[in-house]
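S.K.: coordinates only, sequence not included:
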């Protein structure tokens, strides 16, 4: 009943937890609702023996916890029989996955990846077919990062909508998929199209066509939620494997996955002093119809471009202006007067 009431991705997690529980404990429906702490401890021990990761065990136990709470609310078991607790040593403690603080690439690393993308600097020994796929995967990885750390599910669905045209192709707008699964309010996200992002779109996105998807090759025409989930998972795996091979080639001791893009976006902007309010809003952490206008009023397009421009170390107008200021300051008073006289005569 709970599985059927969930979205496709979440339902798959519950289904996986159910199958694992039955396999590891030998539990059957004939046993009723007496899922005690001892039974769950047995389940956890078996999963540990099978080398299941803490993250997977945690996901499965959280699914189990939802079911137990539902059983309590329906009166099938009493509150005193609740088997989970982080404080009671005799009860089941749900393990936390490893910290994501290390799941981050620096601005310098992201810039190196972007330069590889623009130059298509891939080892010839890997072959043209593989490198073509790698180019697309690297482009999607960078698009996620520069696109306010958007999830791959959002990348798969983002379109050339009315907002894009009305704003002269200077920003994209989408409704965050993960939030739509959790709340009735839409969480709109505005992404400024900085030059690097536009370069990526020109390379791997489909040409503009009103209301059409930028990257239709991800979903490949899938219509059901389940089919969409499968296609997105496959693309995610493609990116993960290709990025692992590329970073190993570069001598990096990390294997970044698409989920790193979101954390890298937030971390790199925070380290450069960008307001946390902007970072939070840019990532779609708020929901509500009035948020978009408030966001635009607080952070006009120029400010969005300035902040997101910090995500890569590439030449910018700001750098060019700084160079010009340095040149002007180095001129003598006599040279400055000559320059002003020349400009006035030209005008």
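M.R.: Received it, and whenever you're ready, just let me know what you need. These numbers were taken from a predicted model, which means no experiment stands behind them.

S.K.: tell me how far residue 272 lies from residue 173.
M.R.: 25 Å (C-beta to C-beta, to the nearest Å). All C-beta atoms are positioned from the backbone trio N, CA, C, and that covers glycine.

S.K.: now swap in residue 59 and tell me
M.R.: 31 Å.

S.K.: and residue 272 and residue 173? Which one has more around it.
M.R.: Between residue 272 and residue 173, counted using other C-beta atoms under 10 Å, the more crowded position is residue 173 (17 against 11).

S.K.: how about the more buried one, secondary structure?
M.R.: The assignment at residue 173 comes out as strand when based on DSSP: H, G, I helix; E, B strand; the rest coil.

S.K.: tell me which element the closest residue to it other than its chain neighbours falls in.
M.R.: Distances taken as C-beta to C-beta, 6 or more residues apart in numbering place residue 163 nearest to residue 173, at 3.9 Å, with adjacent residues excluded. Element membership for residue 163 (DSSP states H and E) is helix 162-166.

S.K.: that helix: how far from the chain's middle?
M.R.: Distance of helix 162-166 from the chain centroid (C-alpha atoms, centre = their mean, to the nearest Å) equals 23 Å.

S.K.: do the same with stretch 219-236
M.R.: On C-alpha atoms, centre = their mean, the centre of stretch 219-236 falls 17 Å from the chain's centre.

S.K.: what comes up buried for it?
M.R.: Residues of stretch 219-236 classed as buried by neighbour count (16 or more other C-beta atoms under 10 Å): 219, 228-229, 231-232, 235-236.

S.K.: what mean pLDDT does that stretch get?
M.R.: This predicted structure assigns stretch 219-236 an average pLDDT of 92.

S.K.: next: stretch 187-199.
M.R.: 94.

S.K.: now it, how far from the centre of its chain.
M.R.: On C-alpha atoms, centre = their mean, the centre of stretch 187-199 falls 14 Å from the chain's centre.

S.K.: lowest-confidence helix or strand of the chain?
M.R.: The helix or strand of the chain with the lowest confidence, counting by mean pLDDT, DSSP states H and E, is helix 177-182 at a mean of 52.

S.K.: what is the following helix or strand past it packed up against?
M.R.: Of the helices and strands lying after helix 177-182 in sequence (DSSP H and E), the nearest is strand 188-192. Packed against strand 188-192 by the contact rule (3 or more C-beta pairs under 8 Å, 6 or more residues apart in numbering; DSSP states H and E) you find strand 171-175, helix 276-282, helix 291-298, helix 301-308.
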